[in-house]
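A.B. asks: Sequence first, predicted coordinates after that:
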Amino acid sequence: MIFSNVRADHRVIKVAGDYNLPPFEYIDEVGNYVGFNVDIMKAIELNSETSVKFIPLRWNEALKSLEDGEVDAIQGMTKTKERMKKYDFSDPILTNEQVMFVRSDENEIKSLKDLKQKRVVIQKKGSMDEYSHLLNGAFVIREDTQKEAIYLLKNGYADVFIGQKLAGLYMIQKYDLQDKIKIVGKPVLTLDYCIAVKKGNKELLKEINSTLRKVRKDGLYNTLYFKWFGENYFDKKLIFIRFIILFAASLSIALITILLLKHNNLKLKRLVEEKTEELTRLNEKLKSSNDNLMFNNDELLRNNSDLTNLNNRLLEEIEQRKRAEEKVKYYGTHDYLTGFYNRKFLLDKIEELINEDRKFALLYLDFDKFKHINDSFGHEAGDIILIETTKRIRNILQKDDVPARIGGDEFIIILTGDYEKDEIMARGKAMLSVLNEPIEFSGKIIIPSLSIGVSSYPENGSNIEELIKKADKLMYEAKADGGNSIKI
């Protein structure tokens, strides 16, 4: 898809960008390519002799298109040491902070040192990918977009998402996740965010920098920055609530002050009319009771403080218990390592479909020679392969599919619906094609191989046992034929 603002009297440059990185650059609901980066390029266009043709792509495709010379620039890229070998960068248009996002009930992760054995999702070919060595001991999952990464975190498929702070906050607000996801710790990286051109394209870079300075000087940059990163990131609902509370508190104080003044004026009038000796007596009485009053006041303050502390501890205990119950509930139906459904949920789902007499197919997946992988590379490699496999499966599932991990390296996927055999075969082959893509671990390349057996309801059985047994049998037949194939 190409978005063009070409003018006949201007030279044209082709500018690539991420197709789905709001608020920097993305295709909106009506199909327009919008965002802060897009507006910056339009501002450069208006203030120069250059017309811009926008080409939104997947991020890794955008990088390749610049390397291959298919585009002249990428409108927003974090400047890193490795990238400086391939590209030349403009003056910074932003400072890019890579931060850690976690679910709101996560209290153990505070810094990079807490990521060991945790599932950390980052953007594929993003700036954090270059610094993935900082995540030593973590299970790293790579997604094409930050939106997909946020999805994995929200739904428990990852423990941490490390990505652009501004983009992450934008998506958290847009999808109303303020109560579900939070930022923890200090920024993992703080780097310049620039416009990138191919190495050696000094003429274009000079023009971009010159126009950028003009856009900043004219104040247009600040206008665009506020448009995309101003109030958008504040929780307007929270601000409104705080305003109401502050307003109510201020109003209450004002009313109390007025009442006190009125009360004191009446009291003063009465006191003036009273006898001087009575006033003296009252003052002496007040003075004699002052010490007792101060003592009682201190005691009340101490008691109030104790009650406040007790209340806070009770609230924290309730919150901790609530979080623990939610975790127990979640892991009652989900596999801890992969985030897929577990065996119990799968069996309940199959029984539900049978009771409703709905047609479905079971795909029984099992790795070929998985023990060899564990023996050769260690169990950490095995876990990484399982996590990467589930990520790939998730990316090709359809809405009503149900994925489950039922054993160490065994998975069952329910395809809900009335599928013909050739449709199931096509989906199985497509799945194998995706799962066979190489996985890198500690500098070594591992190519996964899986065998798949398929059974269908009601053709191959009328109950859970018959259906799973049939799919399992066909899966082993696929293994016997050499593996990495599907049997129906």
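C.D. replies: Good, I have the coordinates. Numbers count the residues shown, from 1 in each chain.

A.B. asks: Okay, strands next: where are they in the stretch 301-450 of the chain?
C.D. replies: Secondary structure of the stretch 301-450 of the chain (DSSP state E, counting those that start in this stretch): strands at 360-367, 402-405, 410-416, 439-441, 444-446, 450-457.

A.B. asks: Mind checking those strands for the one nearest to Ala480?
C.D. replies: Closest to Ala480 of the strands of the stretch 301-450 of the chain is strand 450-457 (Cβ to Cβ; 8.9 Å). Quick note: C-beta positions are derived from backbone N, CA and C, even for glycine.

A.B. asks: right, and the helix or strand after the closest one?
C.D. replies: Using DSSP states H and E, the helix or strand that directly follows strand 450-457 along the chain is helix 464-480.

A.B. asks: Quick check: what element follows that following helix along the chain?
C.D. replies: Next along the chain after helix 464-480, taking DSSP H and E as the criterion, comes strand 486-487.

A.B. asks: what separates that following strand from the chain centre, distance-wise?
C.D. replies: The gap between where strand 486-487 is centred and where its chain is centred comes out at 36 Å by Cα atoms, centre = their mean, to the nearest Å.

A.B. asks: Okay, now the sheet partners of it, with direction.
C.D. replies: Looking at strand 486-487 with DSSP bridges, its partner strands are strand 450-457 (parallel).

A.B. asks: CA atoms only: put the partner strand into PDB for me.
C.D. replies: Output of strand 450-457 as PDB, limited to C-alpha atoms (Å, rounded to 0.1, in the frame of the first residue of the first chain):
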ATOM      1  CA  LEU A 450       6.800 -32.200  14.100                       C
ATOM      2  CA  SER A 451       4.400 -35.000  13.300                       C
ATOM      3  CA  ILE A 452       0.600 -34.400  13.300                       C
ATOM      4  CA  GLY A 453      -2.200 -36.800  13.600                       C
ATOM      5  CA  VAL A 454      -5.800 -35.800  12.900                       C
ATOM      6  CA  SER A 455      -9.200 -37.100  14.100                       C
ATOM      7  CA  SER A 456     -12.600 -35.700  13.500                       C
ATOM      8  CA  TYR A 457     -15.900 -35.700  15.400                       C
END
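
A.B. asks: Show me which residues of that strand are buried.
C.D. replies: Going by neighbour count (16 or more other Cβ atoms under 10 Å), the buried part of strand 450-457 is 450-457.

A.B. asks: ok, so of the residues you listed, who is nearest Glu466?
C.D. replies: Nearest to Glu466 among those, counting by Cβ to Cβ, is Ser455 at 8.0 Å.

A.B. asks: Quick check: the gap between that closest one and Asp357.
C.D. replies: Note on Ser455: its distance to Asp357, by Cβ to Cβ, to the nearest Å, is 16 Å.

A.B. asks: Same check on Arg103?
C.D. replies: As judged by Cβ to Cβ, Arg103 and Asp357 stand 38 Å apart.

A.B. asks: cool, and Asn201?
C.D. replies: Counting by Cβ to Cβ, the gap from Asn201 to Asp357 is 64 Å.

A.B. asks: And those two? Which one has more around it.
C.D. replies: Comparing Asn201 with Asp357 by other Cβ atoms under 10 Å, the one with more neighbours is Asn201, at 18 against 8.

A.B. asks: contacting residues around the more buried one?
C.D. replies: 72, 88 (Cβ atoms under 8 Å, 6 or more residues apart in numbering).

A.B. asks: With mean pLDDT added, can I get the strands of the stretch 301-450 of the chain in JSON lines?
C.D. replies: Formatted as JSON lines, the strands of the stretch 301-450 of the chain follow (pLDDT from 0 to 100):
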{"stretch": "strand 360-367", "mean pLDDT": "95"}
{"stretch": "strand 402-405", "mean pLDDT": "94"}
{"stretch": "strand 410-416", "mean pLDDT": "94"}
{"stretch": "strand 439-441", "mean pLDDT": "81"}
{"stretch": "strand 444-446", "mean pLDDT": "83"}
{"stretch": "strand 450-457", "mean pLDDT": "95"}
